[in-house]
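> what's the 3D shape of this:
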Amino acid sequence: MKVASRHVIGQVGKPDGFFRDPEIRIPLPGPLEEIAQPLRTVGASGMLDDLVLRMNRGAEQAAPKALNIFVDAASSMSFDDARGILTGPQDSVTQYFRRTCAGSLTDSFHPIVRSTLNGAGAMRALQSVQDRANRIPFLGQAAGGFDLINFTVGKALDGLFYYLAVEERAIRADPVARSTNLLRSIFG
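Numbering: from 1, shown residues only. Presented below is the predicted three-dimensional model:
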């Protein structure tokens, strides 16, 4: 799975890796999405689009940190884990990585996403959107009350695991995707 992990991280951990990919693009958080149309009507489209871009850039910059975490998890896999992967469901490798890596990935991504969002002005953009919403009757409260950093980190992890599952399906289904002797011996 090191090869699959490298491929996934190479795909998403670059400019537009999240932003231009409709499968994993990070959208506006729910509370903002609910009031997006009224905000767009009063001229806040640019602010909303800018916020989405900045959240996706944060995920793209954090993604390369996942490689070492995935490699460590694969290296520390027990015999029981390996047996569970072989006899488990079609996404058992992805489930293993989600179970063993999610906490480390969250801890690793959090400061990168926070720094990226702050440095790129996303937190200011969010504040601008919230200020704009506060000037519209009945919308102000709907625009607040969520953590943009945790939201972005969660969606970034969802994107990584989405493509890890895609890679796993390819390896299980297509002998050509089994690019190492180990993968060929396990899945062949």
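> going forward, measure contacts between C-alpha atoms and count neighbours the same way
Will do.
> and the residue nearest the centre of this protein?
Nearest residue to the geometric centre of the chain (CA atoms, centre = their mean): Ala156, 1.4 Å.
> show me what the helix or strand hosting Leu164 is packed against.
If you go by DSSP states H and E, Leu164 is part of helix 148-173. Other helices and strands packing on helix 148-173, by 3 or more CA pairs under 8 Å, 6 or more residues apart in numbering; DSSP states H and E, are helix 2-12, helix 45-62, helix 92-119, helix 181-187.
> same list, the ones you listed, but as JSON lines with mean pLDDT, distance to Arg83 and mean neighbour count please.
Listed next are these as JSON lines, based on pLDDT from 0 to 100; distance: least, CA to CA, whole Å; neighbours: other CA atoms under 10 Å:
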{"stretch": "helix 2-12", "mean pLDDT": "87", "distance to Arg83": "18", "mean neighbour count": "19"}
{"stretch": "helix 45-62", "mean pLDDT": "88", "distance to Arg83": "31", "mean neighbour count": "22"}
{"stretch": "helix 92-119", "mean pLDDT": "90", "distance to Arg83": "10", "mean neighbour count": "18"}
{"stretch": "helix 181-187", "mean pLDDT": "45", "distance to Arg83": "10", "mean neighbour count": "12"}
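> could I get those helices as JSON lines with distance to Leu39?
JSON lines is the format used below for the helices and strands packed on helix 148-173 (distance: least, CA to CA, whole Å):
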{"stretch": "helix 2-12", "distance to Leu39": "30"}
{"stretch": "helix 45-62", "distance to Leu39": "7"}
{"stretch": "helix 92-119", "distance to Leu39": "21"}
{"stretch": "helix 181-187", "distance to Leu39": "51"}
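> closest to Ser128 out of those helices?
helix 45-62 (7.4 Å; CA to CA).
> pull out the buried positions in the helix holding Leu164.
Of the residues in helix 148-173, 148-149, 151-161, 163-165, 167-169, 171-172 count as buried by neighbour count, 16 or more other CA atoms under 10 Å.
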